[in-house]
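S.K.: model the following, please.
(chains A, B, C and D)
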Protein chains: 2
Amino acid sequence: MLSDVMEDYLKATYVLQREGGPPVRTSDLAEYLGVTPPTVTSMLEKLADRELVEREKYKGVELSDEGETVALEILRHHRLLESYLAEHLDYDWSEVHEEADALEHHISEAFERRVANALGEPRVDPHGDPIPTEELAPLADDDTAALADIEEGETVTVARVSDRDDEHLAYLAERGIEPGAELDVVTVAPIDMVTVHVEGDEIHLPTAIAASIRVERETRATA
Amino acid sequence: MLSDVMEDYLKATYVLQREGGPPVRTSDLAEYLGVTPPTVTSMLEKLADRELVEREKYKGVELSDEGETVALEILRHHRLLESYLAEHLDYDWSEVHEEADALEHHISEAFERRVANALGEPRVDPHGDPIPTEELAPLADDDTAALADIEEGETVTVARVSDRDDEHLAYLAERGIEPGAELDVVTVAPIDMVTVHVEGDEIHLPTAIAASIRVERETRATA
DNA sequence: ACTAAGTTTTAGACGCGTCTAATGCGGGGT
DNA sequence: ACCCCGCATTAGACGCGTCTAAAACTTAGT
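M.R.: All right, here's what the predicted structure looks like:
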């Protein structure tokens, strides 16, 4: 039986781990989870004992296959819940994250199935993030770019907006920056600011925010 | 900030406490919650420190007004969740209890309101139990009787069926014993068994089960 | 009133997840 | 090649919720 907290560490490791990238470091997890580094070290030891992560001391951790499966299960719960709250309980797109975080550890298999069914087995959640399948197959690599890395003059489509901060989300949603929106990147200023046009309006975004908006460079056909 | 466990103790104290009755005893709570008596004692001390219960050593506890409010809040969550699962997520009446127990500590005010709204502000849950109002006003006294206490020959209407055991519930539901059903009490045998007629069928029930079925002696108009 | 049975509380321990303070490792700049 | 600084780990503590074993209280029966 995995504790809620262990599940949180696995989920955090998953989202912090870039495909094929370097191991996730202690301090990154500490910051992401809002705990101190020693706390992370001791939790990582337990996770390694249970073979949910592969750990190399002083280097960091990577999820084992089993650990990844657990992370995908929690992520599936999270994203199904977000979708359900938005679609059936009249939640606003930007206020769904916190509630899903609270519930994701506590729903049964039956609940998961019924919610997925009620939604028609969706593939992405309201933020644009992919929902793991019931079989928890690894998610396909991400071929989007961060808005912060786009050159001036390009036109891109918003693919996903990070769900980490409800406040930012509400701000962006109000201004029309949500999955599917078309953006013209007008200027990338050297003062940590990017300017875009969306639906005729001009929007200024600090780089930190622009980094959490994933975009597609050219329109492509999707199934 | 109350822990989940504290909320469980308060809820348990609420359901074990008969209106105006004697204080709830340590061993009753221990059995109900599946923990040992010393564990209950130490938790009760903490609850008394926070003035959520009034405790008299060696005698038992009663909920304070504040403790009762917390219990009613959890009960409201529980019963709204049961209702929602049954009505909107295709759960069977007899399998909602466990899921509601897992979720009841983790939903927000917003969630509670939206679920209540989606259901049309119901007054009772699928088991027939009353749902506390949003203002958490104390629930009216119960004027029902236990089926086990009914005399032979009487005809009664099922008001509520305890939601403590999903297995029993499924069994009873299959045989038509659910809120609103009319029962003729045929025999009350001295061997811990009562026999009733429901919808033409004859059903035999051990007294322990009959004790958990609350019935109304005569039909009365209800708003 | 005394005593025995049953219940409750006290005492002391443990695992979990967290912290702070102290120590240890390792990679980059001179 | 060395040293330093940043990051990670070890050491030791704490609160929570739980347990078992032992002591204390209550109460019912004689």
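S.K.: what's the angle from the top helix by length along chain A to helix B:65-88?
M.R.: As assigned by DSSP state H, the longest helix anywhere in chain A is helix A:65-88. With axes from the mean of the first three to the mean of the last three Cα atoms, to 10 degrees as the basis, helix A:65-88 and helix B:65-88 are set at 90 degrees to each other.
S.K.: I figured residue A:127 hits residue A:82, correct?
M.R.: Yes: at 7.0 Å, residue A:127 counts as touching residue A:82 under the criterion of Cβ atoms under 8 Å. Quick note: C-beta positions are derived from backbone N, CA and C, even for glycine.
S.K.: overlap of the contact sets of those two?
M.R.: Common neighbours of residue A:127 and residue A:82, counting by Cβ atoms under 8 Å, 6 or more residues apart in numbering or on different chains, are residue A:163.
S.K.: quick one, which of these two is more surrounded?
M.R.: Relative neighbour count places residue A:82 above the other of residue A:127 and residue A:82, with 26 against 23, counting by other Cβ atoms under 10 Å in any protein chain shown.
S.K.: need the pLDDT of the most centrally placed residue in chain A.
M.R.: With distances taken as Cα atoms, centre = their mean, the residue of chain A nearest its centroid is residue A:162 (5.5 Å). At residue A:162, the predicted lDDT confidence score is 83.
S.K.: that one and residue B:157, how far apart?
M.R.: According to Cβ to Cβ, to the nearest Å, residue A:162 and residue B:157 sit 55 Å apart.
S.K.: ok, back up a step: ok, the longest helix of chain A near chain B or not?
M.R.: Yes: where contact is defined by Cβ under 8 Å from any Cβ of the partner chain, part of helix A:65-88 touches chain B, namely A:85, A:88.
S.K.: is that helix in proximity to DNA strand C?
M.R.: No: residues of helix A:65-88 are not located near DNA strand C by Cβ under 7 Å from any atom of the strand, the shortest gap being 13.4 Å.
S.K.: need the next SSE after that helix, C-terminal direction.
M.R.: Moving toward the C-terminus from helix A:65-88, the next helix or strand (DSSP states H and E) is helix A:97-103.
S.K.: any idea how far that next one is from the chain center?
M.R.: The chain centroid and the centroid of helix A:97-103 are separated by 13 Å, computed with Cα atoms, centre = their mean, to the nearest Å.
S.K.: ok, residues contacting it?
M.R.: Helix A:97-103 is contacted from outside by A:77-79, A:81-82, A:85, A:91, A:163-164, A:166, A:169, B:103, B:106-108, B:110-111, using Cβ under 8 Å, 6+ apart.
S.K.: quick check: buried residues in stretch A:102-112?
M.R.: Across stretch A:102-112, burial judged by 16 or more other Cβ atoms under 10 Å in any protein chain shown covers A:102-107, A:111-112.
S.K.: could you do stretch A:182-196 as well?
M.R.: The neighbour-count check on stretch A:182-196 (16+ other Cβ under 10 Å) flags A:183, A:185, A:188, A:194-196 as buried.
S.K.: any idea how far the residue nearest to the centre of chain A is from residue B:91?
M.R.: Here the criterion is Cβ to Cβ. By it, residue A:162 lies 33 Å from residue B:91.
S.K.: packing partners of the lowest-mean-pLDDT helix or strand in chain A?
M.R.: Scoring the helices and strands of chain A by mean pLDDT, DSSP states H and E places helix A:166-174 at the bottom, with a mean of 83. Here helix A:166-174 is seen to pack against helix A:97-103 when contacts are counted using 3 or more Cβ pairs under 8 Å, 6 or more residues apart in numbering or on different chains; DSSP states H and E.
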